[in-house]
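# Just a sequence and a predicted model for now, questions to come.
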Amino acid sequence: MLKTNKLQVPNHIAFVLDGNRRWAQKHRLNLFGHRQGGKRFEEVMNWCLELGVPHISAYVLSTENLERPKDELQEIFSIMSDFLKKFEKKQSVFEKYEVKVRFVGNLNKLPPELVKLMGKIMQKTAKYQQKALNILVAYGSKFELTEVMKKIAEKAIKAGKIEITQKDIEQNLLVPIPVDLVIRTGGMSRLSNFLLWQAAYAEIYFTKTLWPDFSKKELIKAIEWYNSARKNFGK
């Protein structure tokens, strides 16, 4: 844990960005909730880096979300494209804080041009090793663990020895760092297929605040709550 102004900052905070559609309905703004949510994501990422959080994960689009209406998905992909183009062209917060950006999920399900942009950002930030931002897109924990088991099975067949350990699984995870704190906005009290292995011992902070309204004050409140929670890992 790092200390920032007496605040003990978790090593890895993971966000479930829930409530964009309800925010749009509340304000009668159609799909604009996703665009507002994208702006808030950028702000929250900056707040975390300012506080000294070294690892950040954000659940941007789940495997289940891919079944949403076509116009909504196109809007989400457009927002993501605008976000990536902005950071591709200028010195960004990634360079300022030396953050490695990783896009995690079944990227084959995404538009090729979007995946190309993701590749450029990942290549541009690959040199950074101390801090990481994992953007989970077309992701589901069941998908991740299925892929992990496939890799382990292939290695086991080649070795002629079937043996699976916890270490084998952890070495093949798409997100390798355990989560300390999960923050879910939007009022739902569930993980929704999000980093199930990595969040095994995480503290989970649920808030009714819709994602576009999530503030720096509430982020700090969540971290303070995390500090007050007792963590004994079942011992």
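Yep, that arrived. Residues are numbered from 1 along each chain as shown.
# Walking through this protein, point out its helices one by one.
In the chain, helices defined by DSSP state H lie at 20-26, 32-51, 70-89, 93-97, 112-125, 141-159, 166-171, 216-228, listed in chain order.
# and the shortest one, how far out from the chain's middle?
By that I understand helix 93-97. Mean-position distance between helix 93-97 and its chain equals 18 Å (Cα atoms, centre = their mean, to the nearest Å).
# Give me the contact list for that helix.
Helix 93-97 is contacted from outside by 45, 46, 49, 87, 99, 101, 121, 124, 125, 128, 131, 133, using Cβ atoms under 8 Å, 6 or more residues apart in numbering. To be clear about C-beta, it is placed using only N, CA and C from the backbone, and glycine gets the same treatment.
# Check the second one too.
Outside helix 32-51, the residues that touch it by Cβ under 8 Å, 6+ apart are 4, 7, 9, 13, 15, 17, 19-25, 27, 29, 56, 58, 60, 72, 75-76, 79-80, 82-83, 93, 97, 99, 131, 133, 211-214, 216, 219-220, 223.
# Just the buried subset of these, please.
9, 13, 15, 17, 19-21, 23-24, 56, 58, 60, 75-76, 79-80, 83, 97, 99, 131, 133, 211-214, 219, 223 (16 or more other Cβ atoms under 10 Å).
# CA atoms only for stretch 33-45 - export them in PDB, please.
Extracted C-alpha coordinates of stretch 33-45, given in PDB (Å, rounded to 0.1, in the frame of the first residue of the first chain):
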ATOM      1  CA  GLY A  33     -24.900   9.000 -21.000                       C
ATOM      2  CA  HIS A  34     -22.100   6.900 -22.500                       C
ATOM      3  CA  ARG A  35     -20.300  10.000 -23.800                       C
ATOM      4  CA  GLN A  36     -20.700  11.600 -20.400                       C
ATOM      5  CA  GLY A  37     -19.500   8.400 -18.800                       C
ATOM      6  CA  GLY A  38     -16.400   8.400 -21.100                       C
ATOM      7  CA  LYS A  39     -15.500  11.900 -19.800                       C
ATOM      8  CA  ARG A  40     -15.900  10.800 -16.200                       C
ATOM      9  CA  PHE A  41     -13.700   7.800 -16.900                       C
ATOM     10  CA  GLU A  42     -11.000  10.100 -18.100                       C
ATOM     11  CA  GLU A  43     -11.300  12.200 -14.900                       C
ATOM     12  CA  VAL A  44     -11.400   9.300 -12.500                       C
ATOM     13  CA  MET A  45      -8.300   7.800 -14.200                       C
END
